[in-house]
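Peer 1: What follows is a protein structure lacking sequence information:
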């Protein structure tokens, strides 16, 4: 090979290598949404399930998770939700995740105006920009949700996830607007806020309504802040325990409280969110091996989940393809035919 051809070959190889090196793994997209309610632009980050743009299956609709403190939680949470939704071991359905980036965090996530004075300067009020949660939840319900539902294929099932002040916000929303979401996650919530105002509101809610709304889920995690018990974490721990005692007396709510030894306030969200998703969608996972013996169990399991949540959940086309393949590979011919017919019934091919 002469020098000219060698040079050309090197250039082509370099261009090919650069082209391959530019391939990217994308976990979502960013949008700027102007809020008339808040009178400001809000940045939201949206993650799509792996099958969202899959041309080999019928276009599906997906539950939506609204994730507070998006700039902190979005990257790990989206990978976690995808992992939990992978067939054939899916514990949850595939979900769209909407991360909400903060502007004025204390303002948006706290329910009342702070009157707390600084311990070192009595003339200074701490958290002076607090008390705007009602406007913020109005933004989510009346502006953000309609935007998401209009532009993406969404199922009528939503989850609100928050940590610390975000957990306080989640519980306050659950008490004041329980119809806004189907499930609420509050990780190490700041229930110490404003002399434990959420404890008072919880008692008032039950005195007025007697029980919590049916077909809702509430998950509360608690960090192990033992080494910091002499500061504000002590108040937080006591308030969470008090809230737990009140809620656990009410049997109508799909509720779980989890304590995480060794996890502090700043780390508890990661393991808690994993457990929370499995708890909210408990009953979603089916045993593919058992379906070979009892194919009707799949429909029965999904009916049970749908009854508990008040939302119709169906086996995805992707999962049914996995089931059919399993039956074929293991020579369960009758069961294979059953699930082929079941899949065609749920997802008829457009001619």
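Peer 2: All right, it came through fine. These numbers come from a predicted model, not from an experiment.
Peer 1: drop to CA atoms for contacts and neighbour counts, all remaining ones
Peer 2: OK.
Peer 1: and the residue nearest the centre of the chain, backbone torsions?
Peer 2: When C-alpha atoms, centre = their mean is applied to the chain, the residue found nearest the centroid is residue 65 (3.8 Å). Backbone torsions of residue 65, given as degrees, to the nearest 10, read phi -110, psi 120.
Peer 1: quick one, longest strand in the chain?
Peer 2: The strand spanning the most residues in the chain, taking DSSP state E as the definition, is strand 154-163.
Peer 1: if we look at that one, which residues are touching it?
Peer 2: With C-alpha atoms under 8 Å, 6 or more residues apart in numbering as the contact definition, strand 154-163 has outside contacts at 61-69, 96, 148, 167-170, 181-189, 269, 311.
Peer 1: Repeat that for stretch 240-249.
Peer 2: The contact list for stretch 240-249 (C-alpha under 8 Å, 6+ apart) reads 188-189, 191, 199, 202-203, 222, 255, 257.
Peer 1: Please repeat the previous calculation with a cut-off of 7 Å.
Peer 2: 191, 199 (C-alpha atoms under 7 Å, 6 or more residues apart in numbering).
Peer 1: Quick check: which ranges of the stretch 1-150 of the chain have low pLDDT?
Peer 2: By pLDDT under 70, the low-scoring segments of the stretch 1-150 of the chain are 1-22, 117-126.
Peer 1: Any buried residues in the following helix or strand past the longest strand of the chain, and which?
Peer 2: On the C-terminal side of strand 154-163, the closest following helix or strand by DSSP states H and E is helix 165-176. Within helix 165-176, the residues that count as buried by 16 or more other C-alpha atoms under 10 Å are 165-175.
Peer 1: From residue 111, how far out is residue 335?
Peer 2: 54 Å (C-alpha to C-alpha, to the nearest Å).
Peer 1: who has more neighbours, these two?
Peer 2: Legend: neighbour count by other C-alpha atoms under 10 Å for residue 335 and residue 111, higher for residue 111 (24 against 21).
Peer 1: who are the neighbours in contact with the more buried one?
Peer 2: Contacts of residue 111 were listed using C-alpha under 7 Å, 6+ apart, and they are 131-134.
Peer 1: let's go with 8 Å and repeat that
Peer 2: Remark: with contacts taken as C-alpha under 8 Å, 6+ apart, residue 111 is in contact with 130-134, 169, 172.
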